[in-house]
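Chemist: Quick one, what's the 3D model for this:
(2 chains)
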Amino acid sequence: NAGVTQTPKFQVLKTGQSMTLQCAQDMNHNSMYWYRQDPGMGLRLIYYSASEGTTDKGEVPNGYNVSRLNKREFSLRLESAAPSQTSVYFCASSGSGEKGANGGYTFGSGTRLTVV
Amino acid sequence: GESVGLHLPTLSVQEGDNSIINCAYSNSASDYFIWYKQESGKGPQFIIDIRSNMDKRQGQRVTVLLNKTVKHLSLQIAATQPGDSAVYFCAENIKGGYNKLIFGAGTRLAVHP
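Modeler: Next up is the predicted model:
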């Protein structure tokens, strides 16, 4: 059981380059999330998708776009990367109903992105 | 040892002592709360959760207390061990048609032998 898989694990971009972070879950969860974590800080919600076909802005959406490609996959795109987007990005998913043994949210292992 | 929300981001304790990590949450509509542990280079790891209709919940060596009146959560770790050294985050599930999980800024717990 893979849970939530993020690719790539590490990436270095030049200012102005674009890239897409990929996330896939195999738990048949309805909701998926993208967070960023800056050094010494908590996770901040960028975008989320409550269900397949819907996406909504979180706390810090500027500079990002998302696509909920299907129930399994939720991608995060940086169209024109900026140094301020240097961060660790976490994808998460959650199901509906009872929270289950892990609180219902499962996190990927993160993508460490550096923009120079 | 005891930490107070965001203004004391590091809590240092001796091995074997009890630790108390505090968190102030923001939204009265939050109906569910989770404590996460995050070790360096890893994603958040679930520790314990509590629903808003409860005041206290106990796990193995951990207890979460919820005070809805002042919107405050605490995580108590008994007999703190070196392996407990990590950053601890509280997160609130904001209910409003769909769920959103919002994290606090975190407290670093340093356990000294």
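Chemist: what residues does chain A put near chain B?
Modeler: A:31, A:33, A:35, A:40-45, A:48, A:50-51, A:56, A:58-59, A:90, A:92, A:94, A:99, A:101-103, A:105, A:107-110 (Cβ under 8 Å from any Cβ of the partner chain). From N, CA and C alone the C-beta is placed, and that goes for glycine too.
Chemist: can you pull out the strands in the chain?
Modeler: This is for chain A. A:4-7, A:10-13, A:19-25, A:31-37, A:43-49, A:56-57, A:65-68, A:74-78, A:87-94, A:105-107, A:111-115 (DSSP state E).
Chemist: The chain in question should be chain B.
Modeler: Per DSSP E, chain B carries strands over the ranges B:10-14, B:19-24, B:30-38, B:45-51, B:56-58, B:62-67, B:72-77, B:86-95, B:99-103, B:107-112.
Chemist: residues in contact with the most centrally placed residue in chain A?
Modeler: Chain A has A:Trp34 as the residue nearest its centroid, 2.7 Å off, counting by Cα atoms, centre = their mean. Contact partners of A:Trp34, counting by Cβ atoms under 8 Å, 6 or more residues apart in numbering or on different chains, are A:21, A:23, A:45-48, A:58, A:64, A:66, A:74, A:76, A:89-91.
Chemist: again with B:Arg61
Modeler: By Cβ under 8 Å, 6+ apart, the neighbours of B:Arg61 are B:Ile77, B:Ala78, B:Ala79.
Chemist: Could you rerun that using 6 Å?
Modeler: B:Ala78 (Cβ atoms under 6 Å, 6 or more residues apart in numbering or on different chains).
Chemist: same check, this time on B:Thr80
Modeler: Here B:Thr80 is in contact with B:Val13, B:Asp17, B:Ser19, B:Val111 (criterion: Cβ under 6 Å, 6+ apart).
Chemist: shaky segments in chain A?
Modeler: Residue ranges of chain A with pLDDT under 70: A:1-2, A:96-103.
Chemist: Test my guess that B:Asn27 contacts B:Ile94.
Modeler: Yes. Using Cβ atoms under 6 Å, B:Asn27 and B:Ile94 qualify as a contacting pair, with a distance of 5.1 Å.
Chemist: These two: which is more packed in?
Modeler: B:Ile94 (19 against 14; other Cβ atoms under 10 Å in any protein chain shown).
Chemist: in terms of contact, does A:Tyr47 touch A:Val66 like I think?
Modeler: Yes. Under the criterion of Cβ under 6 Å, A:Tyr47 makes contact with A:Val66 at 4.3 Å.
Chemist: so what sits against both of the two?
Modeler: Jointly contacting A:Tyr47 and A:Val66 under the rule Cβ under 6 Å, 6+ apart are A:Thr55.
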